[in-house]
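# Coordinates for the following, if possible.
(one chain, ligands or ions: 3)
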Amino acid sequence: MALVTVKTLLDAAEKGGYGVGAFNCNNMEIVQAIVEAAEKEKSPVIIQASQGAIKYAGLDYVVALCNAAAKNASIPIALHLDHGTDMEQVIQCITGGFTSVMYDGSAKPFEENVAMTKKVVEIARAARVSTEAELGKLGGIEDHINVSERDAMMTDPQEAKLFVEQTGVDSLAVAIGTAHGPYKLPPKLDFARLEKIRGLVSVPIVLHGSSGVPADDLRTAISLGVRKINIDTNIREAFCNTLRDEMAKQPGEIDPRKLLKPARQAMVEVIREKIQIFGSNGKA
Ligand code: G3H
Ligand code: 13P
Ligand code: ZN
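Ligands and ions are numbered 1, 2, ... in the order given. A predicted model of the protein is given here:
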């Protein structure tokens, strides 16, 4: 099977009322773990690569790994650029084999974010590549941020409506209280805000910073229209913690495969659990 677009997967998720996991990859073992987990759960899946992942592994390697995965898979797989901020690189991904791109202009003023996102949507659409954009700023967990500052960072529902209408983007990442990386305390999600956004915005909603969000909160978010759920940190933890344990257990081992195999298996288990929470199991 060839790679499919994220839009194809999110349209089906919208109809079915479930969420699709978007799992970050940085190397072959992570790609294999994502695909093995999705195969075992009979679930559609999104593999995504950040700018950092592309810098580390190389764009051609990322695309080749995902094409190899899709070729033999019995489930639909999409390849998505995560947090693209560089227009040149976004275009490289569009022409280089990605089936979906995120343009992240969330740090820019509203008008500039609209203008840049619109440009990306035009180019991507011509190449049959789907799009995601972001409005609002993630990362409201820092201790020094007070309630009104935290509120100001979150996505404004009216702005979200305008943004989607003006850009024609296929999906929208929103800030409703999640943050990237490990949480010190479980995050408090602003479900009332999500509900308002959902009432005004017609495209599927994307939740970033989803590692460490309690399962029930993820289910609630999905019931309120979140369709793409981004997970990176929990995969990194499974990989690195297991690798560290294996190296301690096998101090003389010099065959990387003996150390990496359990690490890969630990990632499969974490990803399977997430897929079950998102309700995309059995939906491939
Ligand atoms: O949203 C951020 C992702 O976890 C990617 O992180 O830029 O370190 O690859 P990264
Ligand atoms: P976490 O690392 O917090 O899971 O966030 C992932 C993410 O949002 C990737 O875009
Ligand atoms: Zn993110």
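# Against Val35, how distant is Gly279?
Remark: distance between Gly279 and Val35 (Cβ to Cβ, to the nearest Å) = 19 Å. Bear in mind the C-beta positions are built from the backbone N, C-alpha and C, glycine included.
# More neighbours: which of these two?
Here Gly279 and Val35 are compared on neighbour count by other Cβ atoms under 10 Å; more neighbours surround Val35, at 25 against 19.
# Who are the contact partners of that one?
By Cβ atoms under 8 Å, 6 or more residues apart in numbering, the contact set of Val35 is 45, 47, 69, 73, 75, 77.
# at 10 Å instead, please
By Cβ atoms under 10 Å, 6 or more residues apart in numbering, the residues touching Val35 are 23, 25, 45, 47, 65-66, 68-70, 72-73, 75, 77, 268, 271.
# That one sits in which helix or strand?
helix 28-41 (DSSP states H and E).
# before we move on, back to that, I'd like to know which of the contacts of Val35 are part of strands.
23, 45, 47, 77 (DSSP state E).
# Surely the third one and His80 touch.
This points to Ile47. Yes. Using Cβ atoms under 10 Å, Ile47 makes contact with His80 at a distance of 7.2 Å.
# quick one: common contacting residues for these two?
3, 22, 24, 66, 98-99.
# Just send those back as TSV, with neighbour count, pLDDT and distance to Thr131 too.
Below are the shared contacts of Ile47 and His80 laid out as TSV (neighbours: other Cβ atoms under 10 Å; pLDDT from 0 to 100; distance: Cβ to Cβ, whole Å):
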residue	neighbour count	pLDDT	distance to Thr131
Leu3	21	98	16
Ala22	28	99	14
Asn24	23	98	18
Cys66	26	98	18
Phe98	30	99	11
Thr99	29	98	11
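# Am I right that Lys228 falls within a strand?
Yes. Assessed with DSSP: H, G, I helix; E, B strand; the rest coil, Lys228 lies in a strand.
# Run through the bridge partners of it.
Judged by DSSP bridges, the bridge partners of Lys228 are Val20, Val206.
# Now do it against Ala2, distance only.
20 Å.
# Which one of those two is surrounded by more residues?
When neighbours are counted by other Cβ under 10 Å, Lys228 and Ala2 differ, and Lys228 comes out ahead with 29 against 9.
# Run the chain-centre distance for stretch 108-122.
Put simply, stretch 108-122 sits 20 Å off its chain's centre (Cα atoms, centre = their mean, to the nearest Å).
# repeat for stretch 229-243
With Cα atoms, centre = their mean, you get 13 Å for stretch 229-243.
# what does stretch 192-208 give?
16 Å.
# do stretch 171-180 as well
On Cα atoms, centre = their mean, the centre of stretch 171-180 falls 11 Å from the chain's centre.
# quick one, helices of this protein?
6-16, 28-41, 51-57, 59-71, 87-96, 110-126, 147-153, 157-167, 191-200, 215-223, 233-249, 256-278 (DSSP state H).
# Near ligand 1, which residues of the protein are found?
Neighbours of ligand 1 within the chain, by Cβ under 6 Å from any ligand atom: 24, 50, 52-53, 82-83, 180, 232.
# What's the PyMOL syntax to select whichever of these are buried?
Selecting the buried subset of these in PyMOL, with 16 or more other Cβ atoms under 10 Å as the burial test, is done by:
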select buried, resi 24+50+53+82+83+180+232
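# Pro262 is in contact with Arg244, correct?
No. Using Cβ under 10 Å as the test, Arg244 is too far from Pro262 to be in contact (11.0 Å).
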